[in-house]
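>>> predicted model and sequence below, questions to follow.
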Amino acid sequence: MSMSSLENKSRWPVWLCWLAMVLDGFDLVVLGTVIPTLIKSQELGFDAVGATFAATISLVGVGLGALFIAPLSDRLGRRNLLVACVTWFSIFTIAVVFAPNVALFSTFRLLAGLGLGACLPAALAYMNDYAPAGTAGKSTTRTMTGYHVGAVATAFLALMVIPSWRTMFVVGGLAGFALVPFLWFKLPETLPPVHHIPAAAKAPALAGTVQAGSPARAGNPAEAAAPAAEERASFRDLRRKPYPLIAAGVAVASFMGLLLVYGLNTWLPQLMASAGYSLNAGLALLLVLNVGAVVGLLIAGVLADRHGTKRIVLLWFGLSAVFLAALSIQIQNELVLYAAVFVTGVFVFSSQVLVYAWVSQLFPVRLRGTALGFAAGVGRLGAILGPAVTGALVAAGIAYPWGFYVFAAAAVLAVLALAFVPQTVAAVSRTGAGVGRS
């Protein structure tokens, strides 16, 4: 595929990957919108314990999908995996509507999460394969704006249809089904089929190197696909030099980053209520926080491509810590309060996305899906822990101000972890670890 044809078709991949992220944003908040109704009505036998189990098992499914299904995009192709996972997610999201009890409701949410968990890493890997060299930051952050747009749109949908909670899952499932044919017919594959690579092309490709972060073009098997033909990508590759240090730093940062994203999205209204603000104000601040996230993503990607992703991600996590700690101070002026929460959203949520952008640059094309799946999967553990820890603080009556201090500490730990990750793989591969530049 020529560069001109890529440019002519560039709008479809951008929008389709963005829409895949909208589905992820739907999943982020959909349970939060229906659980109060389910507990109040006790429909399907729901109570607080059942709701907690359903919420937790959903995140477990997403984490398992990211860890164990997303790496298949390096073997089967990004497009194929996206089509399969969106289809899978849609089937089991619709199935939730017919669940007769909490157990099957939770099972269907777990199964839907397996498909959805692989979508984010596969979509981001696709965009970084497809995007021009030097635009990984912008490509990743712009794609991830769909995540927060989906969250905001789902919250608005809930305002219109709740207490009809089944409608939420019908809309989510049908949206996924509507996306599938477009993914199938309009999304070109970035990685060529491995079994079509001539044997003569493998040797020079293995002898040469592919710079991490450079786009894989579907017509250039010697650039990206030949290495994959010789050795299938797996998590074992992350244990080879120079990747262990990189993987460790990315794991800690992703864990802390998603702890912040899910902890704040779950508990910000309650934290603000504990601080003396009204519940309505807390809900409005949650909306402002996510609007700030979209703005932050657009700014962060441009700055990362211009000044280097490492420099910007460290700055972003550092500023997140400062503004999260500042929210522990009661702000009497309403305009100042909304501005403070907006700016906090600008830095907190785009910090995690910058980690994904950096992973796309650090790892070679053949490992990109695996590395992003690893980052997203480990991060989902933080997504489970964040709401749990904050909930424990709420139960203990010390959520304010300690919830904000915990969040600020998580951002500081992310800074410390990423400070030891090299700017590029080449910077640590001079010792002779050739795999670092494969």
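Okay, I see it. Residues are numbered from 1 along each chain as shown.
>>> quick check: phi and psi at the residue most central in space within the chain.
Centroid check for the chain by Cα atoms, centre = their mean gives L120 as the closest residue, at 5.4 Å. Its backbone dihedrals place L120 at phi -60, psi -50, with angles given as degrees, to the nearest 10.
>>> can you tell me how far it is from V412?
Separation of L120 from V412 (Cβ to Cβ, to the nearest Å): 25 Å. In this view, the C-beta of every residue, glycine as well, is placed from N, C-alpha and C.
>>> the residue nearest to the centre of the chain touches D24, doesn't it?
Yes - checked against Cβ atoms under 8 Å, the pair L120 and D24 is within contact range at 5.5 Å.
>>> now for these two: what residues contact both?
Contact criterion Cβ atoms under 8 Å, 6 or more residues apart in numbering; residues bridging L120 and D24 by contacting each: Y147.
>>> export stretch 31-39 to CSV, keeping only CA atoms.
Provided in CSV are the C-alpha atoms of stretch 31-39 (Å, rounded to 0.1, in the frame of the first residue of the first chain):
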residue,chain,number,x,y,z
LEU,A,31,-22.4,0.2,35.8
GLY,A,32,-22.1,3.3,37.9
THR,A,33,-25.3,4.6,36.2
VAL,A,34,-27.4,1.5,36.7
ILE,A,35,-26.2,0.1,40.1
PRO,A,36,-28.2,2.7,42.2
THR,A,37,-31.4,1.6,40.4
LEU,A,38,-30.6,-2.1,40.7
ILE,A,39,-29.9,-1.8,44.4
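>>> quick one: contacts of that stretch?
With Cβ under 8 Å, 6+ apart as the test, stretch 31-39 has contacts from 43-44, 46-48, 51, 54-55, 58, 109, 154-155, 157-158, 162-163, 165, 168, 265-266.
>>> which among those residues end up buried?
Using 16 or more other Cβ atoms under 10 Å as the burial test, the contacts of stretch 31-39 include 43-44, 46, 51, 54-55, 58, 109, 154-155, 157-158, 165, 168, 265-266 as buried.
>>> low-confidence ranges, the stretch 151-300 of the chain, go.
Applying pLDDT under 70 to the stretch 151-300 of the chain flags the ranges 190-240, 242, 279-280, 282-283.
>>> now the helices: where do they sit in it?
Counting by DSSP state H, counting those that start in this stretch, residue ranges of the helices within the stretch 151-300 of the chain are 165-186, 199-207, 225-230, 243-274, 279-307.
>>> now the ones you listed in TSV, with distance to S139?
Listed next are the helices of the stretch 151-300 of the chain as TSV, based on distance: least, Cβ to Cβ, whole Å:
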stretch	distance to S139
helix 165-186	18
helix 199-207	24
helix 225-230	20
helix 243-274	18
helix 279-307	7
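>>> so which of the ones you listed is the most surrounded?
Here the criterion is mean neighbour count by mean count of other Cβ atoms under 10 Å, and of the helices of the stretch 151-300 of the chain the winner is helix 243-274, at a mean of 23.
>>> what angle sits between that helix and helix 279-307?
Taking axes from the mean of the first three to the mean of the last three Cα atoms, to 10 degrees, helix 243-274 and helix 279-307 form an angle of 150 degrees between their directions.
>>> which helices and strands sit right next to helix 243-274?
Contacts of helix 243-274 with other secondary structure elements, assessed using 3 or more Cβ pairs under 8 Å, 6 or more residues apart in numbering; DSSP states H and E, are made with helix 11-41, helix 279-307, helix 309-326, helix 334-362, helix 368-396, helix 399-419.
>>> go again with 7 Å.
In terms of contacts (3 or more Cβ pairs under 7 Å, 6 or more residues apart in numbering; DSSP states H and E), helix 243-274 is packed against helix 11-41, helix 279-307, helix 334-362, helix 368-396, helix 399-419.
>>> for the third one, name the packing helices and strands.
Counting contacts by 3+ Cβ pairs under 7 Å, 6+ apart, the secondary-structure elements packed against helix 334-362 are helix 102-130, helix 136-161, helix 243-274, helix 279-307, helix 309-326, helix 368-396.
>>> and for the shortest one?
Other elements packing on helix 399-419 under the criterion 3+ Cβ pairs under 7 Å, 6+ apart are helix 243-274, helix 309-326, helix 368-396.
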